[in-house]
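Colleague: give the three-dimensional model of this entry:
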Amino acid sequence: MKKIKKDALAHYDRMIAWAEKQPPRKSCLGNDMSEQIGENHGPGYCSYCGKNYTDCQKCELWKPHKKLFECCNGLWQKMHDSKTWGTWVKRARRVRQYIEENG
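Modeller: This is a model prediction of the structure:
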């Protein structure tokens with residue numbers, strides 16, 4: 001497994017493990033996660049984003065989605081837009097699976 005993929009999957013594993021301990025109906029804030037574990041789902045913490053931050057279209061996870069191009073086939077944006085930790089966890093698992101299959 002490539003290091004970039006291994007790092008991204010480990011990043012999602014840590015975030016998901018932390019988020020699963022939060023009340024599922026509690027409003028989710030990335031700041032809570034950052035304060036507790038020192039990372040969140042922002043691009044500054046993803047190994048793929050870190051490598052391609054100045055040109056996202058060069059990232060191998062940047063794929064067509066509804067006639068647009070979006071990170072992780074649009075799954076990252078759905079996760080980002082989550083209102084509660086319960087929803088965030090479900091969507092983060094989908095992003096992680098996408099990375100597992102396409103990274």
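
Colleague: helix, strand, or coil at the residue nearest the centre of the chain?
Modeller: The centroid of the chain falls nearest to residue 41 when counting by Cα atoms, centre = their mean (4.8 Å). Assigned state for residue 41: coil (three-state reduction, DSSP: H, G, I helix; E, B strand; the rest coil).

Colleague: now it: phi and psi?
Modeller: In this entry, residue 41 is assigned phi and psi values of phi -90, psi 10 (degrees, to the nearest 10).

Colleague: that one contacts residue 75, correct?
Modeller: No. Shown here, residue 41 and residue 75 do not form a contact pair, counting by Cβ atoms under 8 Å, at 11.1 Å. To be clear about C-beta, it is placed using only N, CA and C from the backbone, and glycine gets the same treatment.

Colleague: and for the two, which residues touch both?
Modeller: Overlap between the neighbourhoods of residue 41 and residue 75 consists of residue 95, taking contacts as Cβ atoms under 8 Å, 6 or more residues apart in numbering.

Colleague: now the helices for the chain?
Modeller: Using DSSP state H, the helices assigned to the chain run over residues 3-19, 30-37, 47-52, 75-80, 85-102.

Colleague: in the chain, which ranges drop under the pLDDT threshold?
Modeller: The model of the chain has pLDDT under 70 over residues 30, 53, 64-69.

Colleague: hang on, the earlier thing: now the residue nearest to the centre of the chain: how far from residue 10?
Modeller: Per Cβ to Cβ, to the nearest Å, residue 41 is found 14 Å from residue 10.
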